[in-house]
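# Turn this into a model:
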Amino acid sequence: MSESTRSVSPIVPAVPIITPSLREFDVKLALFLSPAFLGNALTGVRNKLNLCLLRYVDRLGGILLGYQNLKLVDHFAIISGDDPNLHIPVTMRALVFAPAIGEVLEGEITRLGKDHIALLVHGVFNASISIPAAKRTAEARRNAGHEVGDRIVFTVDSIHVADGLLSMKGSTIHSVSSSSKLAAESK
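This next block holds a predicted model:
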């Protein structure tokens, strides 16, 4: 979407929902569509936006999770110079995952590596927590008590975006649940 999206101007400020990293807000975008969509620009816009779902979109400052209330600003498009693409301004309500450095998130452990813990945030987004060198022994990892399926609260230390995919690195605050402890309690 970065090459097909030229500008963003929020119509209303972002409103936090669920967590500060999940935001829903109204936005105005300028999209470039193929002339093949001259007969139905709204279909072309939906196709373009659907390709951006679950991808990082620079102009939105996060990962587009969904959109609604999609509207064409005008009933005409602009063709500029020798570029055959149609310049079409649209408005929509966007749901965006946009974590910030220093934000506290919760993730589920998906893998315990020798030097890191792999997590999924909201069941979709990758995060990892480095294990300090002093705690990289098997005994130290067992004593930490973490297992696959446990939930950990962590602080986002860095965010990396490559090819539309976002990953986070963080540091542990504490465990929320332990799958083995919950299984033992249910017996």
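
# wait, doesn't Leu105 sit right on Ile129?
No. The pair Leu105 / Ile129 is not scored as a contact, 11.0 Å apart, by C-beta atoms under 8 Å. In this view, the C-beta of every residue, glycine as well, is placed from N, C-alpha and C.

# Direction included, what does the longest strand belonging to the chain pair against?
For the chain, the strand with the greatest residue count under DSSP state E is strand 19-33. Here strand 19-33 is paired, per DSSP bridges, with strand 5-10 (antiparallel), strand 15-17 (antiparallel), strand 86-97 (antiparallel).

# hmm, back to that, overlap in contacts, Leu105 and Ile129.
By the contact definition C-beta atoms under 8 Å, 6 or more residues apart in numbering, Leu105 and Ile129 are jointly contacted by 154, 170.

# So which bits of the longest strand of the chain are buried?
Across strand 19-33, burial judged by 16 or more other C-beta atoms under 10 Å covers 21-27, 29-33.

# following that strand, which helix or strand shows up next?
On the C-terminal side of strand 19-33, the nearest following helix or strand under DSSP states H and E is helix 41-52.

# quick one: that following helix to chain centroid distance?
Helix 41-52 sits 19 Å away from the centroid of its parent chain (C-alpha atoms, centre = their mean, to the nearest Å).

# Quick check: nearest residue in space to Leu38, chain neighbours excluded?
Ranked by C-beta to C-beta, 6 or more residues apart in numbering and with sequence neighbours excluded, the top spatial neighbour of Leu38 is Leu86, at 7.1 Å.

# bridging residues for the one you found?
Leu33.

# My read is that it contacts Leu33, right?
Yes. Contact criterion C-beta under 8 Å: Leu86 and Leu33 qualify, at 4.6 Å.

# related to what we said a few turns ago, of the buried residues of strand 19-33, just say which sits nearest to Ser158.
Comparing these against Ser158 with C-beta to C-beta places Ser21 closest, at 14.5 Å.

# List the contacts of that closest one.
Each residue near Ser21 by C-beta under 8 Å, 6+ apart is listed here: 62, 97-100, 103, 105.

# from those residues, which ones fall inside strands?
Short answer: these in strands (DSSP E) are 62, 97, 105.

# The first one: neighbour count?
Using other C-beta atoms under 10 Å, the number of residues around Gly62 comes to 22.

# Check it and give its pLDDT.
Note for Gly62: predicted pLDDT of 94.

# Quick check, it in contact with Ala98.
Yes. Counting by C-beta under 8 Å, Gly62 touches Ala98, with 2.9 Å between them.

# got any residues that touch both of the two?
Shared contacts of Gly62 and Ala98, defined by C-beta under 8 Å, 6+ apart, are found at 21, 23.

# what helix or strand does Ile173 sit in?
Assigned by DSSP H and E, Ile173 falls in strand 165-177.
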